[in-house]
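1. fold the following and give me the result.
(2 chains)
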Protein chains: 2
Amino acid sequence: MDDAPNSEHFTLSPIGHMVSDYPDKFGIPRQPGLAPAANAKLVLAAPYNDPLAVRGLEDFSHLWLSFIFHQSPQRWSPLVRPPRLGGNKKVGVFASRSTHRPNRLGLSLVRLVGIDTQQGVVLALQGCDLVSGTPVVDIKPYLPWAESQPDAKAGFAPQTPSLLAVSFHPAALDTLTQRSDSATLHALIEQVLSQDPRPAYKQKELASKRLYGVRLRDVDVKFRQRQQGEATTLEVMAIEPYDER
Amino acid sequence: MDDAPNSEHFTLSPIGHMVSDYPDKFGIPRQPGLAPAANAKLVLAAPYNDPLAVRGLEDFSHLWLSFIFHQSPQRWSPLVRPPRLGGNKKVGVFASRSTHRPNRLGLSLVRLVGIDTQQGVVLALQGCDLVSGTPVVDIKPYLPWAESQPDAKAGFAPQTPSLLAVSFHPAALDTLTQRSDSATLHALIEQVLSQDPRPAYKQKELASKRLYGVRLRDVDVKFRQRQQGEATTLEVMAIEPYDER
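-> Model prediction:
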């Protein structure tokens, strides 16, 4: 390839968009599969919403979604600070899964739980970590014999992140019990908060009383840190409606 | 997302291009990892060839490459015929890894064997199934704890494809021994032919005497079918230079 590579461009159109329990970027678990209680649907768009295009997909349990980090800025930088390194060590953007990357391409392994072809094509997914509205540009089946490499060496992120304990203030539990989706919303809040969505530099402040908010499904979940000696837990203080959806 | 999805476009620029032992599409193993003897380099392009952009990548053994099937036509169809199904059964394009897909996006899991930052950035890769010149649009590290799903259900492609035995005609072996890369070229030819690169509908003709050619590295490998009762093997008849490179 001796021709000027920078004159080369490829234009992608979304094949569909996500509808998910994550109205905002903030709080989304940093890898797929970590919050299975999250609802996620991929709604295919015309002309890709032809039921024929997903024939045979029901025989696969896992799918790769390629998507665009559409809420991330177009600018990228060669070095990024992965949250897994506490936010103060830099690695190359191509050694990370950072959203601030050239071409803003994302890749997510999700579980396929259902296919609805009543009207167009809607895929029901589990473990999806995509913000609602994310444009998806491809779907591929997962091939375990080729793609499962349990012994791969994984640099600075060698294992599942450790989890924080999450508790609920009685007032928050009250709100929960009044909802028809209380069981799944309870699980979702617990799964998302146990990943510690706070910014890395805040995670080190032992005595912070700051109230954080994370939007999940149709609520704004207010939570704060509880410190008992060395042990940090997160406590849900309130579950409030929000109507921007 | 109620806004018209079809007016949405994303423009991707290659971050680099492949230099590989596969000058042509024909004969390339249909999944990565099946021909580890193939040489492959990913040469990053400016401004992405900053050594900082790959800092820390050396700690990962496997990478995902997102790339464009640039030699495939822009047209796509909802149904495709996977070679694994003998070429006569159709599945949906999103249930396949077919190159004839919307957005022509490809995804390949490769082994990282070296990083050269002497002049720009060149990654040495193994098991790569990409035609030389392929534009690569992203590199991501492989995360075994999130992405290794050995129990995933894999539809019509549940396991590694079975391999054909490959033999070499004495004349072909002669040519091989005269080359400085005889060992790796021998392994490459064997690995590629054992996948049976012949078109699916030809694989069923038991008595074919047809001579096929597959281009690997800088040679044109001529091979044909050998039939002994039910057992089919492929025999390399000649290894000829070609100079289009």
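2. which elements pack onto the helix or strand of chain A with the lowest mean pLDDT?
-> Comparing every helix and strand of chain A by mean pLDDT, DSSP states H and E singles out helix A:144-147 as the least confident one, with a mean of 84. Helices and strands touching helix A:144-147, by 3 or more CB pairs under 8 Å, 6 or more residues apart in numbering or on different chains; DSSP states H and E: there are none. Yep, even glycine has a C-beta here, placed from its N, CA and C like the rest.
3. repeat that with 10 Å
-> Under the contact criterion of 3 or more CB pairs under 10 Å, 6 or more residues apart in numbering or on different chains; DSSP states H and E, the helices and strands touching helix A:144-147 comprise strand A:62-68, strand B:105-116.
4. what's downstream of it, the next helix or strand?
-> Following the chain from helix A:144-147 toward its C-terminal end, the next helix or strand by DSSP states H and E is strand A:165-168.
5. buried stuff in that next one?
-> If you call a residue buried by 16 or more other CB atoms under 10 Å in any protein chain shown, then strand A:165-168 has these buried ones: A:Val166, A:Phe168.
6. now that strand, how far from the chain's geometric center?
-> Between the centre of strand A:165-168 and the centre of its chain there are 20 Å (CA atoms, centre = their mean, to the nearest Å).
7. for the next helix or strand after that strand, C-alpha coordinates in PDB please.
-> Per DSSP H and E, the first helix or strand lying C-terminal to strand A:165-168 is helix A:170-177. Output of helix A:170-177 as PDB, limited to C-alpha atoms (Å, rounded to 0.1, in the frame of the first residue of the first chain):
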ATOM      1  CA  PRO A 170     -35.100   2.500  53.800                       C
ATOM      2  CA  ALA A 171     -36.500   5.500  51.900                       C
ATOM      3  CA  ALA A 172     -35.000   4.100  48.600                       C
ATOM      4  CA  LEU A 173     -36.300   0.600  49.400                       C
ATOM      5  CA  ASP A 174     -39.800   2.200  49.900                       C
ATOM      6  CA  THR A 175     -39.700   3.700  46.400                       C
ATOM      7  CA  LEU A 176     -38.600   0.500  45.000                       C
ATOM      8  CA  THR A 177     -41.400  -1.600  46.400                       C
END
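8. average pLDDT for helix A:170-177?
-> Helix A:170-177 carries an average pLDDT of 95.
9. and the contacts of the least confident helix or strand of chain A?
-> Helix A:144-147 is contacted from outside by A:60-62, A:64, A:109, A:140-141, B:30-34, B:62, B:64, B:97, B:107-109, B:127, B:129, B:142, B:147-154, B:157-161, using CB atoms under 10 Å, 6 or more residues apart in numbering or on different chains.
10. what comes up buried for the strand or helix carrying A:Thr232?
-> Secondary structure here is read from DSSP H and E; on that basis A:Thr232 sits in strand A:231-241. With burial defined by 16+ other CB under 10 Å, the residues of strand A:231-241 counted as buried are A:Thr232, A:Leu234, A:Glu235, A:Val236, A:Met237, A:Ala238, A:Ile239.
11. same question, stretch A:54-74
-> Of the residues in stretch A:54-74, those with enough neighbours to count as buried (16+ other CB under 10 Å) are A:54-57, A:59-70.
12. output those of those also counted as contacts of chain B.
-> Checking these against chain B by CB under 10 Å from any CB of the partner chain, the ones in range are A:54-57, A:59-64, A:66-68, A:70.
13. if we can go back for a sec, indicate which one of the helices and strands packed on helix A:144-147 is closest to A:Pro102.
-> Proximity of these to A:Pro102 was assessed by CB to CB; the nearest stretch is strand A:62-68, lying at 12.2 Å.
14. contacts made by the next helix or strand after the closest one with the rest, please.
-> Toward the C-terminus, strand A:62-68 is succeeded by strand A:79-80 as the next helix or strand (DSSP H and E). The set of residues that contact strand A:79-80 without belonging to it, under CB under 10 Å, 6+ apart, is A:89-101, B:50, B:52-53, B:55-56.
15. strands - which of these land there?
-> Secondary structure from DSSP state E places A:Val91, A:Gly92 of the contacts of strand A:79-80 in strands.
16. for the lengthiest helix in chain A, enumerate the helices and strands it packs against.
-> Longest helix of chain A, by residue count under DSSP state H: helix A:182-193. With contacts taken as 3+ CB pairs under 10 Å, 6+ apart, helix A:182-193 sits against strand A:165-168, helix A:170-177, strand A:212-216, strand A:219-228, strand A:231-241.
17. list just the one of those that sits closest to chain B.
-> Ranking the helices and strands packed on helix A:182-193 by proximity to chain B (CB to the nearest CB) places strand A:212-216 first, at 16.7 Å.
18. name every strand pairing with the closest one and say which way it goes.
-> strand A:219-228 (antiparallel) (DSSP bridges).
19. and the partner strand, how far from the chain's centre?
-> 20 Å.
20. just the CA trace of that strand, in PDB.
-> These are the backbone C-alpha positions of strand A:219-228, laid out as PDB (Å, rounded to 0.1, in the frame of the first residue of the first chain):
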ATOM      1  CA  VAL A 219     -35.000   6.900  37.500                       C
ATOM      2  CA  ASP A 220     -32.200   9.000  38.900                       C
ATOM      3  CA  VAL A 221     -30.400   6.900  41.600                       C
ATOM      4  CA  LYS A 222     -28.800   9.100  44.300                       C
ATOM      5  CA  PHE A 223     -26.000   7.300  46.200                       C
ATOM      6  CA  ARG A 224     -23.100   8.100  48.500                       C
ATOM      7  CA  GLN A 225     -20.100   6.500  50.000                       C
ATOM      8  CA  ARG A 226     -20.200   4.800  53.400                       C
ATOM      9  CA  GLN A 227     -17.000   4.200  55.200                       C
ATOM     10  CA  GLN A 228     -16.400   1.700  57.900                       C
END
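21. quick one: buried residues of that strand?
-> By neighbour count, and taking 16+ other CB under 10 Å as the criterion, the buried residues in strand A:219-228 are A:Val219, A:Asp220, A:Val221, A:Lys222, A:Phe223, A:Gln225.
22. circling back to that earlier point, CSV for the buried residues of strand A:231-241, including pLDDT?
-> Output for those, formatted as CSV (pLDDT from 0 to 100):
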residue, pLDDT
A:Thr232, 87
A:Leu234, 94
A:Glu235, 95
A:Val236, 95
A:Met237, 96
A:Ala238, 95
A:Ile239, 96
